[in-house]
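Chemist: What would the 3D arrangement of this be:
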Amino acid sequence: MNGHKTGQKALLGILSAGLSILLLAGCKGVQQPSERQARENLSSVSRQYRPEGRRPQAPNLGANTTLSGFLAYALLNEPRVEAAYFDWAASVENITTERSLPDPQLTFQMYIARVVTSVMPGLMQEFPGPGKRGMRAKAASAASQVRYFDFENAVLQTAFALKRAYYRLWFLNENIKINRQMLNLLAELEQSARGQNAVGKVTLQDVYRAQIEEDRLSNEIANLEDSRHPLRAEFKAALGMTREQPDPPEPAQFEATTMELAPEQLLAVAFARNPQLKAMEAQVRQAQASLDLAYKVKVPDFSLGMSADALASPTLYWPQASISLPLWRDKIAAQIASAQAGRRAAQARQTSGQIMVTADFAVKSYDYREITRNLSLLQDKLIPKARKSLEIARAGYLAGQIDFFNLTDAERTLLNFQLEEVEARTRREIVLADLSLSVAGMAPEGSPILPPSPGDAAASSAAPGRLTR
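Modeler: Numbers count the residues shown, from 1 in each chain. Reported below is the predicted structural model:
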């Protein structure tokens with residue numbers, strides 16, 4: 001009897017020790033190199049974007065806040081960026097899940113006749129076939145890279161939305177400023193028409209024409225002032241601010257972007273750094289890993305375990321082993337064919353993305369060149385000539401050499417050229433932002449993203465054109 005109890009104690013000790021080893025030592029797997037790199041990348045970004053898991057203090061916004069200050073605030077505060085960041089963080093954790101062994105199973109069996117004749121506790125562990133866990137980790141790592149580039153793209157799109165709203169506000173302010181200057185000029189022209197009418201040189205019709213122009217411009221200024229509300233709402237949204245938060249201050253000064261475009265070099269940068277293309281590359285790697293894993297379906301999985309009869313004397317041990325039998329050839333063929341189709345689809349999407357980036361770059365670079373030519377024409381020739389024409393028309397009207405219609409026509413011509421010049425400058429800034437952020441993937445300085453890889457950095461440094469702001 002004592003021997004039987006001693007055997008039970010020994011069995012329980014063995015099972016307890018085995019269970020402790022599995023729970024305390026065996027519950028932590030070995031990191032794959034791709035998993036280790038993914039965690040290092042996440043840690044690097046987290047130190048800047050979410051240190052210690054918390055949102056850092058955003059810059060204080062004021063009338064003198066620079067464009068870089070507004071960009072820093074938007075990147076830290078925009079919910080789309082935050083959502084993309086945590087999607088990436090979740091995908092990094094999924095690498096560990098995919099490369100880990102399945103959970104061990106604690107088994108328990110009893111044989112009962114009239115009484116319990118045997119009690120058999122045990123442990124069972126499943127082991128996937130050789131190479132399967134590594135392939136799963138590789139696919140999960142590639143999926144994590146896709147999520148990272150989604151995060152980087154969210155950063156770039158947030159910066160572009162902020163710049164677009166920023167420059168549209170600048171266009172509105174300049175538009176109002178020019179119209180008010182013209183309104184003051186029209187008031188002076190009305191006074192001139194009244195003076196001419198008082199001495200009998202012109203009829204009262206000229207006075208009414210001046211007043212009509214003043215009324216038209218006053219109404220235009222009122223419409224522009226009213227349009228400030230949706231533009232300020234767009235600017236607030238670009239900063240990631242909710243309805244409950246107070247409106248941000250409107251920038252007091254606006255900063256222009258300077259860049260010497262080198263289309264061939266900048267397109268090379270786009271192919272090296274565009275996050276959407278990089279995500280497609282990672283999708284191809286993920287599809288390839290899934291295909292490699294599909295070929296591993298032919299490799300059987302194993303299960304090993306041990307149970308013991310605690311009531312037997314001496315104690316009886318029951319080793320257990322099982323092996324899966326991948327016999328269904330049509331199932332295996334379907335899994336492989338599905339993975340092959342997935343890889344080809346990913347490769348086709350990558351090619352399509354490259355074509356779209358090339359076409360998009362061609363359109364936007366043409367827009368930039370066209371706007372630059374038009375801007376040069378307006379600034380160097382048309383506006384100076386229109387201003388001189390207005391001065392001549394004004395002097396001619398006072399001398400009685402031209403009528404008021406020609407005078408107001410000269411005024412309208414100058415006004416239209418000045419508004420076109422402001423619109424061209426605004427479009428130029430937005431096109432440059434789109435080229436640098438959406439196409440070339442060149443993030444603003446201080447953005448919470450990983451530095452470019454050595455190959456990407458070489459492509460960037462090869463482009464002589466440089467962006468500021």
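Chemist: show me the contacts for residue 375.
Modeler: By Cβ atoms under 8 Å, 6 or more residues apart in numbering, the contact list for residue 375 reads 421, 424-425, 428. (Each C-beta comes from the backbone N, C-alpha and C, glycine too.)
Chemist: Reformat these as TSV; add pLDDT and neighbour count.
Modeler: As requested, the contacts of residue 375 are exported to TSV (pLDDT from 0 to 100; neighbours: other Cβ atoms under 10 Å):
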residue	pLDDT	neighbour count
421	95	19
424	95	20
425	93	20
428	93	21
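Chemist: Among the residues you listed, which are located in helices?
Modeler: Using DSSP state H, 421, 424-425, 428 are the members of the contacts of residue 375 that sit in helices.
Chemist: so where does the closest residue to residue 117 other than its chain neighbours fall, helix or strand?
Modeler: Leaving aside its sequence neighbours, residue 117 sits nearest to residue 111 (Cβ to Cβ, 6 or more residues apart in numbering; 4.7 Å). Using DSSP states H and E, residue 111 sits within strand 105-112.
Chemist: Give me the next element, helix or strand, following that strand.
Modeler: Counting by DSSP H and E, what follows strand 105-112 is strand 116-127.
Chemist: Could you name the helices and strands sitting against that next one?
Modeler: Judged by 3 or more Cβ pairs under 8 Å, 6 or more residues apart in numbering; DSSP states H and E, the packing partners of strand 116-127 are helix 2-20, strand 105-112, strand 302-309, strand 316-323.
Chemist: Tell me the pLDDT of the spatially most central residue of the chain.
Modeler: Most central in the chain under Cα atoms, centre = their mean is residue 154, positioned 1.4 Å from the mean C-alpha point. For residue 154, the pLDDT comes out at 96.
Chemist: gap between it and residue 75?
Modeler: 9 Å (Cβ to Cβ, to the nearest Å).
Chemist: Same check on residue 356?
Modeler: Taking Cβ to Cβ as the measure, residue 356 falls 25 Å from residue 75.
Chemist: Could you do residue 291 as well?
Modeler: 37 Å.
Chemist: So between the two, which is more surrounded?
Modeler: Using other Cβ atoms under 10 Å as the criterion, residue 291 and residue 75 rank with residue 75 on top: 27 against 22.
Chemist: That one should be in a strand, yeah?
Modeler: No. Assessed with DSSP: H, G, I helix; E, B strand; the rest coil, residue 75 is helix; it does not lie in a strand.
Chemist: Wait, it touches residue 157, no?
Modeler: No. Residue 75 is beyond contact range of residue 157, at 10.8 Å (criterion: Cβ atoms under 8 Å).
Chemist: ranges for the helices of the stretch 351-469 of the chain?
Modeler: Listed from the start of the chain, the stretch 351-469 of the chain has helices (DSSP state H, counting those that start in this stretch) covering 383-398, 404-433, 454-462.
Chemist: Put together JSON lines for the ones you listed, with distance to residue 444 on each row.
Modeler: Below are the helices of the stretch 351-469 of the chain laid out as JSON lines (distance: least, Cβ to Cβ, whole Å):
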{"stretch": "helix 383-398", "distance to residue 444": "32"}
{"stretch": "helix 404-433", "distance to residue 444": "10"}
{"stretch": "helix 454-462", "distance to residue 444": "14"}
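Chemist: Go through the ones you listed and find the least confident stretch.
Modeler: Among those, helix 454-462 scores lowest, with a mean of 58.
Chemist: re the thing from before, looking at the helices of the stretch 351-469 of the chain, which one is packed in the most?
Modeler: Each of those was given a mean neighbour count from mean count of other Cβ atoms under 10 Å, and the largest, a mean of 19, is that of helix 404-433.
Chemist: Could you count how many residues lie near the closest residue to residue 116 other than its chain neighbours?
Modeler: Distances taken as Cβ to Cβ, 6+ apart put residue 110 closest to residue 116, at 5.8 Å, once the chain neighbours are dropped. Residue 110 has 13 neighbouring residues, counting by other Cβ under 10 Å.
Chemist: Select the longest helix from the chain.
Modeler: Looking across the chain with DSSP H, the single longest helix is helix 132-198.
Chemist: what's the spacing between that one and its chain's center?
Modeler: How far helix 132-198 lies from its chain's middle: 17 Å, per Cα atoms, centre = their mean, to the nearest Å.
Chemist: Likewise for stretch 98-113?
Modeler: 45 Å.
Chemist: Any idea how far apart the tips of it sit?
Modeler: Terminal residues of stretch 98-113 are spaced 44 Å apart (Cα to Cα, to the nearest Å).
Chemist: Can you give me the buried ones in that stretch?
Modeler: Buried residues in stretch 98-113, counted by 16 or more other Cβ atoms under 10 Å: 98-99, 104.
Chemist: any idea which of those residues is closest to residue 349?
Modeler: Within those, proximity to residue 349 (Cβ to Cβ) peaks at residue 98, which comes in at 22.9 Å.
Chemist: Can you tell me the element that closest one falls in?
Modeler: helix 79-99.
Chemist: which secondary structure elements does that helix contact?
Modeler: helix 33-49, helix 132-198.
Chemist: With distance to residue 397 as extra columns, can I get those in a markdown table?
Modeler: Output for the helices and strands packed on helix 79-99, formatted as a markdown table (distance: least, Cβ to Cβ, whole Å):
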| stretch | distance to residue 397 |
| --- | --- |
| helix 33-49 | 63 |
| helix 132-198 | 7 |
